[in-house]
Structure formats: C-alpha cells, structure tokens
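# Model the following, please.
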Amino acid sequence: MLNARGRVVAVEADGLWVETDPRSACAQCSAKHGCGERLLRQNGREVSCIKAFFSDGQNSTAWQLGDDVDIVIAEGAFLLAAVLAYGLPLLGLVLATSMAHSFHLGEFDTALAALLGLLVGGAIANLYSRIKSNTRLFNPSILSTH
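Coordinates of the predicted model:
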C-alpha cells in the first residue's frame, strides 16, 4: 500500500477531498530527475487535491475541514494502470503488425495496421479505465481515523 499525508479541504457523503503536498515524498524518491510531479511543481504547482473514499465503517461526520489525514492506494493499482496505459496499446500494435505481415501486406499497409492496432489498444485501455474509474482499486481510501 502506498500512502500520503494531507489536509481535508472538503467533506462529502462518500469521501474527503484531501490536499497533499508532493514535496513530502520527493525527499524519499529515487527518481528525482524523471519525476513528473517534480516538473509540475517547478511550473508553479505546489499542492494537489485528491478525493479519498471512505472505507467500511467510516462516515463524513468524523471529519472537519483542516483535519490531517492519511490516504492510501493499493500498489497493484499502479501496476495495472501501467499495463493499461502502455501494455494494451503496445500489444495492439504488435498483434496488428503480425496480422498484416501474415497477410503479406506491403510496408505502408503494415505501418498503417500497426498504427491502427496502437489506436485500438489505446481505445480499449481508455474504455476499461473509464468503466473501472469508480472502483476502490483505482481510488485512494482513508487510512487513519484522525
């Protein structure tokens, strides 16, 4: 489980909006030069807001604006997101290229099939992520009760 600490900025019936400071994790990270969060911060973004959903037994009455909170997301969510974002489009490209090659298509048609396979794989990944975007796997939940 990956966790972050933040401050409650809004309370809703199903969860909390939490403002996190990405600088807190930057000192511990080994990917300082290739980090997208660090690039965003250099361009003026200092904090980010995340909606964290209540776990079973938690409700909105226990939280107030300004409370400190620990939020958590499953490590498997990052792996699955990477497979969706990179693996499915790449798999579509390889499969379409292999099929075009097996039909003895020319270079231009094979390249066009590869592009089409990449786009179809990306569209499938996008559709899957939209369908599953409201599941607990892809959304952070609240770890602490204060």
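# Identify the bridge partners of the residue nearest to Asp67 when sequence neighbours are not counted.
Nearest non-adjacent residue to Asp67, counting by Cβ to Cβ, 6 or more residues apart in numbering: Val8, 4.5 Å away. For every residue, glycine as well, the C-beta is placed using N, CA and C. Note on Val8: beta-bridge partners by DSSP bridges are Val18.
# Hmm, Val69 and Val8 touching each other?
Yes: contact criterion Cβ atoms under 8 Å: Val8 and Val69 qualify, at 5.7 Å.
# tell me, what's touching those two both at once?
Here Val8 and Val69 share the contacting residues 16, 18, 63, scored by Cβ atoms under 8 Å, 6 or more residues apart in numbering.
# so who does the first one touch?
Applying Cβ under 8 Å, 6+ apart, we find Leu16 in contact with 8, 10, 51-52, 54, 60, 63, 69, 142.
# if we go to 6 Å?
8, 52, 63 (Cβ atoms under 6 Å, 6 or more residues apart in numbering).
# Ok, the last one next?
Contacts for Trp63 (Cβ under 6 Å, 6+ apart) come out as 8, 11, 16.
# which one among the residues you listed gets closest to Glu107?
Nearest to Glu107, judged by Cβ to Cβ, of those is Leu16 at 54.5 Å.
# For that closest one, what is the enclosing helix or strand?
Following DSSP states H and E, one finds Leu16 within strand 15-20.
# still on that earlier bit, could you dump the contacts of Leu16 to CSV with distance to Glu107 and pLDDT?
Below are the contacts of Leu16 laid out as CSV (distance: Cβ to Cβ, whole Å; pLDDT from 0 to 100):
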residue, distance to Glu107, pLDDT
Val8, 57, 90
Ala52, 50, 84
Trp63, 60, 83
